[in-house]
Structures are given as C-alpha cells and as structure tokens.
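Asks: sequence and predicted structure below; questions after.
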Amino acid sequence: MSEIFTSRKCGLRRSLVLAVLVPLAFGCKTLWADDAPKTNATEWVPLVLKLPSPVFAGTPPAAPPGTTVETAPDKQEPLKIPKDAQNIAPASKITSSDKNATRADLAKITDGNKEAEGDDIVQMRKGLQWVQFDLGSNKEIYAIVIWHAHDIPKICRSVIVQAADDEDFTENVRTLFNNDRENSAGLGAGTDRQYFETFRGKTVDAKGARVRYVRLYSNGSTESRLNEYTEVEIYGRPAK
Ligand SMILES: [Ca+2]
C-alpha cells in the first residue's frame, strides 16, 4: 500500500517537474500538459500572415455597451510556430451548421482572398452557427487565424474555437478560445475577451494541440445577427 502511495507521489512529482520544464524547453511557449510531449519542434519562427487591405484605421476608442472588447492596440504580437507548419485549412473538408451554405460558399473561406469586399464575405444564417474543418488526419496545430468580416469595425459575439477527435464533437473536445462569457452558446463560459474585426484577423494560439477536427462558432455581431466569414487559416503539420 505504501509502495503504491510512494509511486503515486513520485508520479505526481514527475508531472509537476515536466509541467515546469517542458514550456521552458519550447521557448517559453505554454503548452498543454497532454500536448506538450507530442511536440518535437526544434525550430520556431514568427507566424507571418499575408494581410488584406485595411478598410478603416484603428478601432473605436470606447467599448460598445455590453461588450468586453479590447480597445487597445489591434496589433497582436506574432505567434511563434514550428518552421515546418503550414496553412492546412485549404486542404480540409469544410462543413457548416447552416445547411443553406453551399459548397461554393464554404470554399470561399479558404480561397486565400481576405479583402473586405461584399462578395468575398460568406454570410450564414442568424443565431449560433459553426463552420467545421476536417483536417483529414490528426495534425499538430499551432495557430488558427479568423477573418469574419472587416468591412466595418464590428464585434462578433460568442466566438468559440474548439477541437475534437470526431466530427460530432463528442470525443476529446478541447476549447482553444472562448469569449462567450455569459455562456449564451451553452458550451461553457469563456474567459477570453471580445475584439473588433480588423484586416489583421484574430490569431488563436492552438499550442500544438493534436486534432482532427476544428470547429468555429459565432452568434452574429454588433452590426447584424448574421454570421460572416471572409477567410480562415489553420497552421499545422502532420502529428508526429
Ligand atoms: Ca476568402
């Protein structure tokens, strides 16, 4: 009995030491305990995005009532990703909760065009909707970049990014980003902040999560109850 207890204590101690040392070994990136050991990247580079033209400068100085929006600089520090990680979203199979969204509509989400033109914005029906990316096989993903629509400064509501092992999102579901602080989507209250849509998009740190499916939720915006997407990029590489 005491041997088992000692073994458990040692195991716990080892886990604690790993939890501290692993992030240090990967350039101070905070990796999840269950994903960190799967990451063997040695060369990390800044994520460089091809940005569309800005339509407006900066973001409004005051947060609209009832939002938790970030009004300070709209520029995010670039994430570091493994050198061999690439945008794997264009090769994925895209589906949506909005069955009116055609295959041609969904294809626009990964066609590389991110300009804030009307035709380039894919609109989806009102209420909570999702778009889902089947990456084809398990991938290590490091960044998810989302341009909902940056034609005017708007704030999308209930932006939630999840990953799972199955297409129905019942197995090994992990939340990578969630600014639904009131849990209006029923997926759990998030702690992330809302943000204004800009030409820079929103980069979510996926921390090397090993995933097959990625799902992005939203529930309209401060301008419309419709949901909008201009482009989504997912930076990853085959799971080692
Ligand atoms: Ca596009």
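Replies: On my side now, so go ahead.
Asks: the protein: helices as residue ranges?
Replies: Along the chain, the stretches classed as helices by DSSP state H are 2-25, 103-107.
Asks: among the ones you listed, show the one with the smallest mean pLDDT.
Replies: Among the helices of the chain, helix 2-25 carries the lowest mean pLDDT, at a mean of 43.
Asks: and the longest strand along the chain, how far out from the chain middle?
Replies: Secondary structure assigned by DSSP state E gives strand 129-147 as the longest strand of the chain. Centroid displacement of strand 129-147 relative to its chain, using Cα atoms, centre = their mean, to the nearest Å, is 7 Å.
Asks: ok, that strand: who's next to it in the sheet?
Replies: Using DSSP bridges, strand 129-147 pairs in its sheet with strand 93-96 (antiparallel), strand 202-218 (antiparallel), strand 231-238 (antiparallel).
Asks: turn those into CSV, columns for mean neighbour count.
Replies: Glycine gets a C-beta too; all of them are placed from N, C-alpha and C. Output for the strands paired with strand 129-147, formatted as CSV (neighbours: other Cβ atoms under 10 Å):
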stretch, mean neighbour count
strand 93-96, 18
strand 202-218, 23
strand 231-238, 22
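Asks: which among those is found nearest to the ion?
Replies: Closest of these to the ion is strand 231-238, at 4.1 Å (criterion: Cβ to the ion).
Asks: and the closest one with the ion, contact?
Replies: Yes. Legend: contact between strand 231-238 and the ion by Cβ under 5 Å from the ion is shown at E231.
Asks: cool, stretch 197-205 as well?
Replies: No. If you take Cβ under 5 Å from the ion as the test, stretch 197-205 misses the ion, and the best it gets is 11.2 Å.
Asks: can you list the domain ranges for the chain.
Replies: Using automatic domain parsing, the domain parsing of the chain gives 1-28, 31-238.
Asks: count of neighbours near the nearest residue to A185 once chain neighbours are set aside?
Replies: Of all residues not flanking A185 in the chain, S158 sits nearest, at 4.7 Å (Cβ to Cβ, 6 or more residues apart in numbering). Using other Cβ atoms under 10 Å, the number of residues around S158 comes to 24.
Asks: picking up where we left off before, nearest to Q162, of the strands paired with strand 129-147?
Replies: Nearest to Q162, of all the strands paired with strand 129-147, is strand 202-218, at 4.9 Å by Cβ to Cβ.
Asks: alpha carbons only: can I get that closest one in PDB?
Replies: Taking Å, rounded to 0.1, in the frame of the first residue of the first chain, the C-alpha atoms of strand 202-218 are listed here in PDB:
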ATOM      1  CA  LYS A 202      -7.800  37.200 -35.000                       C
ATOM      2  CA  THR A 203      -5.000  34.700 -34.200                       C
ATOM      3  CA  VAL A 204      -5.800  32.000 -31.800                       C
ATOM      4  CA  ASP A 205      -2.800  30.100 -30.200                       C
ATOM      5  CA  ALA A 206      -3.600  26.400 -30.700                       C
ATOM      6  CA  LYS A 207      -0.500  25.400 -28.600                       C
ATOM      7  CA  GLY A 208       0.400  22.400 -30.700                       C
ATOM      8  CA  ALA A 209      -2.900  20.600 -30.000                       C
ATOM      9  CA  ARG A 210      -3.200  17.300 -31.700                       C
ATOM     10  CA  VAL A 211      -6.500  17.400 -33.500                       C
ATOM     11  CA  ARG A 212      -8.500  16.100 -36.500                       C
ATOM     12  CA  TYR A 213     -11.500  18.500 -36.400                       C
ATOM     13  CA  VAL A 214     -11.700  22.200 -35.700                       C
ATOM     14  CA  ARG A 215     -15.000  24.000 -35.200                       C
ATOM     15  CA  LEU A 216     -15.500  27.800 -35.100                       C
ATOM     16  CA  TYR A 217     -18.700  29.200 -33.500                       C
ATOM     17  CA  SER A 218     -20.200  32.600 -33.600                       C
END
